[in-house]
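Student: Output the structure for:
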Amino acid sequence: MSDRSSPGAKYEHLVPVPWGTVRIEAIGAGGSVPFIDLAVSTVAAEESCVTVAVVPPDMASVLIRIIGDDAQDGESVVFDGYLEVPEGLVEVADVASEEFAFVYRVPVGNMHLRIVVDDVLEATTLTISMSQLIEEVAQSKTDRT
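Tutor: Presented below is the predicted three-dimensional model:
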C-alpha cells in the first residue's frame, strides 16, 4: 500500500523483510544478486543489483521509501552510485521475492541510485532515491494477517 504522507516520499511501504535483506534490481539485466558479507559491509552491489541489510522480521518491519530525488540529509548514505537498467524497470523486493516486490518505471540506461538508512547496523527505515523515477507499476505483498 502506498502512503504519500511523508515529505519527499513518492511511495512508502511498511513490510517485514525475510533474511533481513532488501534487493534493488534492474529487471531484465540478467546479473547476479550480490551477497552481503556483514563482517565487511551492510551493502553489496553489482552493475544491475544492490542488496542492503536491514533488521530481520522478528525484530521489526521496515519502512521502505521510494523517492525521485536525492535522499534527505541527516541519515546514513550506504550506497551512492549507478544501476544499469536495460528495460526501464527496477524491482525493490526481499532477497527472494517471498514477502514483497514493488516495480518502478525509470528511464532506460544508467540510473543514479542513492540509498540511505536510519541506522547502518539495524536499519528500520530505508530511503531509496531513483533519479528520474516515473511511477510504481506493480506491487505484491504476502498478507500474513
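
Student: And the pLDDT for Ala71?
Tutor: Predicted confidence (pLDDT) for Ala71: 58.

Student: just the one 5 residues further on next, same as before
Tutor: At Ser76, the pLDDT value in this model is 91.

Student: What average pLDDT does the host helix or strand of Arg114 get?
Tutor: For Arg114, the host element (DSSP states H and E) is strand 109-117. Strand 109-117 shows a mean pLDDT of 95.

Student: elements contacting the lowest-mean-pLDDT helix or strand in the chain?
Tutor: Ranking every helix and strand in the chain by mean pLDDT, DSSP states H and E puts strand 135-141 at the bottom, with a mean of 86. Counting contacts by 3 or more C-beta pairs under 8 Å, 6 or more residues apart in numbering; DSSP states H and E, strand 135-141 packs against strand 11-15, strand 100-105. Heads up, the C-betas are built off the backbone N, CA and C, glycines and all.

Student: Could you rerun that using 6 Å?
Tutor: Where contact means 3 or more C-beta pairs under 6 Å, 6 or more residues apart in numbering; DSSP states H and E, strand 135-141 is packed against strand 100-105.

Student: between the strand it packs on and strand 11-15, how big is the angle?
Tutor: Using axes from the mean of the first three to the mean of the last three C-alpha atoms, to 10 degrees, the direction of strand 100-105 lies 170 degrees away from that of strand 11-15.

Student: ok and strand 100-105 relative to strand 135-141, angle-wise?
Tutor: On the basis of the same axes, to 10 degrees, strand 100-105 is oriented at 170 degrees to strand 135-141.

Student: next one: strand 100-105 to chain centre, how far?
Tutor: Strand 100-105 has its C-alpha centroid displaced from the chain centroid by 9 Å (C-alpha atoms, centre = their mean, to the nearest Å).

Student: How about Thr21: which residues does it bridge to?
Tutor: On the basis of DSSP bridges, Thr21 is bridged to Ala53.
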